[in-house]
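[1] sequence first, then the predicted structure, then my questions.
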Amino acid sequence: MKIVPNIFLLVLLMVSASATAIPSNGPPPPGIPPPGLPIDGDLVSMAVIAVMFGCYKIYKSKFSHKKTPV
């Protein structure tokens, strides 16, 4: 009977997982906030790269459906 050891291991795993999931002290107190980083750094270059990649994918999809002679 292999079912009994499998159930025993499953119950043991569930009990040990629930015991380690209980928080002990909660989150640590907040420290010094990180410096504000600009989100617009190299935004224009990323937009240009995205447009170029989109044009490449459209160009590739138009010419990849070439019919071969039978």
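    Structure received.

[2] and the gap between Ala17 and Pro29?
    Distance from Ala17 to Pro29, counting by CB to CB, to the nearest Å: 28 Å. (Glycine included, C-beta is placed from N, CA and C.)

[3] for the two, indicate the residue with more neighbours.
    Counted by other CB atoms under 10 Å, Ala17 and Pro29 do not tie: Ala17 has more neighbours, with 9 against 5.

[4] next, the more buried one: phi, psi?
    phi -70, psi -40 (degrees, to the nearest 10).

[5] quick one: low-confidence residue ranges for the chain.
    Low-confidence regions of the chain, defined by pLDDT under 70, span residues 1-4, 19-24, 37-39, 65-70.

[6] one more time with 50, if that's ok
    Of all residues in the chain, none has pLDDT under 50.

[7] show me what the biggest helix by length in it is packed against.
    In the chain, taking DSSP state H as the definition, the longest helix is helix 43-63. Judged by 3 or more CB pairs under 8 Å, 6 or more residues apart in numbering; DSSP states H and E, helix 43-63 is in contact with no other helix or strand.

[8] which parts of it are buried?
    The neighbour-count check on helix 43-63 (16 or more other CB atoms under 10 Å) flags nothing as buried.

[9] can you start the count at 50 instead of 1 from here on
    Will do, 50 is the new start, and the previous item becomes helix 92-112.

[10] CA atoms only: put that helix into CSV for me.
    Provided in CSV are the C-alpha atoms of helix 92-112 (Å, rounded to 0.1, in the frame of the first residue of the first chain):
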residue,chain,number,x,y,z
LEU,A,92,13.0,57.7,-23.3
VAL,A,93,13.4,59.2,-26.8
SER,A,94,16.0,56.6,-27.8
MET,A,95,13.9,53.7,-26.5
ALA,A,96,10.9,55.0,-28.5
VAL,A,97,13.0,55.2,-31.7
ILE,A,98,14.3,51.7,-31.1
ALA,A,99,10.7,50.4,-30.5
VAL,A,100,9.5,52.1,-33.8
MET,A,101,12.4,50.6,-35.7
PHE,A,102,11.8,47.2,-34.3
GLY,A,103,8.1,47.4,-35.2
CYS,A,104,8.9,48.4,-38.7
TYR,A,105,11.3,45.5,-39.0
LYS,A,106,8.7,43.0,-37.8
ILE,A,107,6.0,44.4,-40.2
TYR,A,108,8.5,44.3,-43.1
LYS,A,109,9.6,40.8,-42.2
SER,A,110,6.0,39.6,-41.9
LYS,A,111,5.0,41.0,-45.3
PHE,A,112,7.8,39.3,-47.2
